[in-house]
Each structure stands twice: as C-alpha cells, then as structure tokens.
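Undergrad: take a look and give me a structure for this.
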Amino acid sequence: MSKNITEPLADAPEGELSDATPSGRSEVDAGRKDKIRARIVQGVSLLGLVIVILLVWHFLGGKSNKAASRPRSEVIPVEMAAATQLDVPVQIKSIGNIEPLSTIAVRSQIEGTLQSVRFTPGQEVKKGDLLFTIDPRPLQAALSEAEANLAKAMAAISQGRDVVARDQATATNSRTIVKRDTQLIEGGVISREEYDNAVAKAQADEATVRADQSSVATLVSAAKAEQAIVNNARVQLSYTSIRAPLSGKTGNLVVTGGNLVRANDTTPMVTIT
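TA: Coordinates of the predicted model:
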C-alpha cells in the first residue's frame, strides 16, 4: 500500500504528487485512532455491563437466600368454647398502710388448766372453730351437783303438791260436814257446840291448805333458783371450749398446753385479725 502511494503518477504533475502524500498518511493515522477508541469504549462498556450483572446477581441471590432461610410460621390451633361469666381476681399494687377490719384478743372466761391448743400460730381459722380446751372436770362436777340439787327441789315440790291435795280433800270434807250440821242444828238434832267444832275444823283445814300452797310456792322458787344454778354451771362448762369469735388469721400464741389460765387475764391467749 505504501508502495502504491510512493510511486509517481504519470499523469499528475510533480508538484501535486508531493503535496498529496502527507495528507493520506494523516488520514490513515486518524482512522487507526478511531478504531482504537471504539474498541476501548466497547471494552469499557462490556466491563461495566459485566459488573452490573454481577451486582444484580449478588443482590437478588442474597434476597432469595434470606427468603429461603426464613422459617415458616407455625400454625397455632384455635379452640372454641361457650362464653361464661366468672369472678376474676383484680390485683392492684400500691404502697400504703393496711388496717384490719376487726381484731379480737381471745381471753379465757374461767380459771383452769389448759389441756390442748387446736391451731398453729398464723393459721387461718373460721368463726366457731375450736381453739383451746380447758380441763372441764371441776366444772362438770359443779354441774352434776347443781343438777342433783335441782332434782331434790323438784321432788320436794312434788311432795308438797301431794300434801296440798291431801289437805284439800280434808278441807272439802270439813266443808261438807259444816253444811250438814247447819241443817241438823236448825232441826235441833245436834248441839250448838258440835256445830261450832265442825266450823272450826273446816276453817283450820282451809288454813292448812293455804299453808301447804304457800310451801309449794316456796319450793317452786327454790327449784327455780336451783335451775338457775344449773344453767350457770352449764355456761361455765361451755367456757372450757374456747372457739374463734370471727374468721381471720391467728397471731402469736402466748400459752401452751399445761399452763394455768386465769379468767379475763390482761395478756390475751391469742389475737385474731
């Protein structure tokens, strides 16, 4: 190619040939540079495209891996039931002072030996629960004696009523004799002295009946007094069993089994809150 360029043309003048040779070379060099630039641009574009494809693949691949690595949500079974209405405890936490609704100091109402304790300190008790037992034998003996005296008084009342009934019969007979003697004295059959004796005897018999009735009334009063003594002995005997007057929590225990407790002592046996 360079050979063809350097050969002189036959028809062309000498001055024109020398001017055409340098311009052709410059055009060839410019074409080569354009081709090189085009290849560089193509290479850079291809490299950029490869980089973009790698970035896209890395981004999409990371997302797919994360999605694949996520565990599936567990299926929770649901149960159905009918709605009911119940009391639900409500707890409110706060700072403050707590005061009991009621506090009772338990004391003995009689004097005696404590036999047993039926609870432990701090235990929840209900109203009427047995707390203490005091030796009941002395009070049981007193009750038996009072019941015997009451039985004796009731027997005396019964005997007095029998006497009243007997004397009432005698007084009735005396009144009948007086009525008969009244008719006889009017007829002159009996003397005045006999009639007066009959009247006096009837009056004495009626006085005896009244005295017997008064004695029976006295015996009834005595029997009522003995009944009161029996009732009091029963009440005293009931004090040997000390029960909880209210429901609550017991405090510290002051006495134990075998101790001697006194009636209405200043120190309570236990406190129930």
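Undergrad: quick one: low-confidence residue ranges for the stretch 151-273 of the chain.
TA: By pLDDT under 70, the stretch 151-273 of the chain has no low-scoring segment.
Undergrad: how about the strands in it?
TA: For the stretch 151-273 of the chain, the strands defined by DSSP state E, counting those that start in this stretch cover 241-243, 248-249, 260-261, 270-272.
Undergrad: closest to residue 85 out of the ones you listed?
TA: Closest approach to residue 85 among these (Cβ to Cβ): strand 248-249, 30.0 Å. In this view, the C-beta of every residue, glycine as well, is placed from N, C-alpha and C.
Undergrad: tell me the strands beside that closest one, with direction?
TA: If you go by DSSP bridges, strand 248-249 pairs up with strand 124-125 (antiparallel).
Undergrad: how far out from the middle of the chain is the strand it pairs with?
TA: 10 Å (Cα atoms, centre = their mean, to the nearest Å).
Undergrad: number the chain from 30, please
TA: Sure, I'll start numbering at 30, so the last one becomes strand 153-154.
Undergrad: ok, residues contacting it?
TA: For strand 153-154, contacts defined as Cβ atoms under 8 Å, 6 or more residues apart in numbering pick out 148, 160, 273, 276-279, 301.
Undergrad: list only those of those flagged as buried.
TA: 148, 160, 273, 277, 279, 301 (16 or more other Cβ atoms under 10 Å).
Undergrad: now those residues in JSON lines, with distance to residue 291?
TA: Shown next, in JSON lines, are these (distance: Cβ to Cβ, whole Å):
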{"residue": "148", "distance to residue 291": "21"}
{"residue": "160", "distance to residue 291": "17"}
{"residue": "273", "distance to residue 291": "21"}
{"residue": "277", "distance to residue 291": "24"}
{"residue": "279", "distance to residue 291": "21"}
{"residue": "301", "distance to residue 291": "20"}
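Undergrad: closest to residue 116 out of these?
TA: Nearest member of those to residue 116, counting by Cβ to Cβ, is residue 277, at 21.7 Å.
Undergrad: ok, residue 120 - contacts?
TA: Residue 120 neighbours (Cβ under 8 Å, 6+ apart): none.
Undergrad: which residues touch residue 172?
TA: By Cβ under 8 Å, 6+ apart, residue 172 lies in contact with 259, 262-263, 265-266.
Undergrad: residue contacts, the closest residue to residue 137 other than its chain neighbours?
TA: Nearest non-adjacent residue to residue 137, counting by Cβ to Cβ, 6 or more residues apart in numbering: residue 290, 4.4 Å away. Neighbour list for residue 290: 137, 140-143, 163, 284, 298 [criterion: Cβ under 8 Å, 6+ apart].
Undergrad: what remains of those if I keep only buried residues?
TA: 137, 141, 143, 163, 284, 298.
Undergrad: follow-up on the earlier one: want to try CSV for the strands of the stretch 180-302 of the chain, with distance to residue 181 as columns?
TA: Shown next, in CSV, are these (distance: least, Cβ to Cβ, whole Å):
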stretch, distance to residue 181
strand 270-272, 29
strand 277-278, 46
strand 289-290, 33
strand 299-301, 42
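Undergrad: out of these, flag the one nearest residue 170.
TA: Once the strands of the stretch 180-302 of the chain are compared by Cβ to Cβ, strand 270-272 is nearest, at 17.0 Å.
Undergrad: so where do the helices sit in the stretch 30-179 of the chain?
TA: For the stretch 30-179 of the chain, applying DSSP state H, counting those that start in this stretch gives helices covering 31-35, 43-98, 166-216.
Undergrad: could you identify which of these is most buried?
TA: Of all the helices of the stretch 30-179 of the chain, helix 166-216 carries the top mean neighbour count, a mean of 15, counting by mean count of other Cβ atoms under 10 Å.
Undergrad: relative to the whole chain's centre, how far out is that one?
TA: Distance, centroid of helix 166-216 to centroid of chain: 62 Å (Cα atoms, centre = their mean).
Undergrad: residue 282 - how many residues pack around it?
TA: 17 (other Cβ atoms under 10 Å).
Undergrad: I misspoke; the intended subject was residue 228.
TA: Neighbours of residue 228 using other Cβ under 10 Å come to 16.
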